[in-house]
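S.K.: coords below, sequence missing:
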């Protein structure tokens, strides 16, 4: 199936810096796609290349398989919603939303009908006469979304759309964005540095590093099966044990063999395991099939439904992290300075070559 919007071996340099370096990817019809990564990784530059606000040094931008690299942004059937929302402060909500249709010369009755539909879609029909300064942050964002969607673009590009909102409102707007995307069927391409935001909203994620795509996959695959150390460290919390691949796992200095699958014997390797995969015990355990580490609790962070327990293990410079459900007996009894035993099965670790 042809991607709605795609880039083919696209590259963009600013002086000696390769902001985007030979990236190829495509966004399918009706897909919610996220460009994720740290500041300076090239994700916003890539979005601007797709929108037409930057010209690539090499490569192509495609829309429904057609090369649109040379087409200016105002003639591309994609819309971009900026982080600032860029609303006209002197115009009403309906005026802001109808602006693009007015510029296209659409007549009054049809334009009014389309504006009403767009405002109903974002649940702002009763605020049509207000000005932007009379709206909350979430309402201003929905006005910007209505303005972007009213022209029925083939794809909607969103640059850090939730960055200006508080945590609670961001969560609510994540649900709203997913609802709008599903109801309209328009391909959404969103740039974000927030891993939780990308995991919650996207069907697929391209995680970028230094202008390249480090891994492109579903949220679950990125989290459960990271391709390398960078991906494993960027997505969620992760414990890392450095050593060398050996038969049956990774040999770690001071800890011996930590059981896992994968890797060729003798290669430098890192064993990665998520904190929620570790089980914390308050007494010694004996399990030949699992990995077990003893240590001392050095920190406990209460997170609501669970607690993040950090355990100092001999030979490891960084404490081992384990998530413990707050409602359990272990969570009630674990204290700073207490000796504990952390256990996890081999299949819950992932061997990453370094």
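M.R.: Arrived safely, thanks for sending. Just so it is clear, the model here is predicted, and its values are computed rather than measured.
S.K.: hmm, who's touching the helix or strand containing residue 197?
M.R.: Using DSSP states H and E, residue 197 maps to helix 195-201. With contacts defined as C-beta atoms under 8 Å, 6 or more residues apart in numbering, helix 195-201 is touched by 32, 34, 36, 162, 170, 174, 177-178, 190, 192, 205, 219, 222-223, 234-236. All C-beta atoms are positioned from the backbone trio N, CA, C, and that covers glycine.
S.K.: residue 289 belongs to a helix?
M.R.: No. Using DSSP: H, G, I helix; E, B strand; the rest coil, the assignment for residue 289 is coil, not a helix.
S.K.: list the contacts of it.
M.R.: Applying C-beta under 8 Å, 6+ apart, the residues contacting residue 289 are 259, 345-346.
S.K.: and what of residue 7?
M.R.: 23-26, 46, 49-50, 59-62.
S.K.: I'd say residue 140 and residue 88 touch.
M.R.: No. In this structure residue 140 lies outside contact range of residue 88 using C-beta atoms under 8 Å: 11.6 Å.
S.K.: which neighbours do those two share?
M.R.: Applying C-beta under 8 Å, 6+ apart, one finds that residue 140 and residue 88 are jointly contacted by residue 132.
S.K.: what helix or strand is the spatially closest residue to residue 128 that is not a sequence neighbour on?
M.R.: Leaving out its chain neighbours, the residue that sits closest to residue 128 by C-beta to C-beta, 6 or more residues apart in numbering is residue 94, at 4.2 Å. Using DSSP H and E, residue 94 sits in helix 93-103.
S.K.: so which bits of that helix are buried?
M.R.: 93-101 (16 or more other C-beta atoms under 10 Å).
S.K.: which one's more surrounded, residue 140 and residue 88?
M.R.: When neighbours are counted by other C-beta atoms under 10 Å, residue 140 and residue 88 differ, and residue 140 comes out ahead with 20 against 12.
S.K.: need the contact list for the more buried one.
M.R.: Counting by C-beta under 8 Å, 6+ apart, residue 140 touches 85, 87, 132.
S.K.: what's in contact with the helix ranked longest in the chain?
M.R.: Secondary structure of the chain per DSSP state H: the longest helix is helix 167-184. The contact list for helix 167-184, computed with C-beta under 8 Å, 6+ apart, reads 30, 32, 121-122, 137-138, 141-142, 145, 149, 158, 161-162, 165, 188, 190, 197, 200-201.
S.K.: what helices and strands are in contact with whatever helix or strand comes next after that helix?
M.R.: The first helix or strand that comes after helix 167-184 along the chain, using DSSP H and E, is strand 187-192. Applying 3 or more C-beta pairs under 8 Å, 6 or more residues apart in numbering; DSSP states H and E, one finds that strand 187-192 contacts strand 32-36, helix 43-51, strand 155-159, helix 167-184, helix 195-201.
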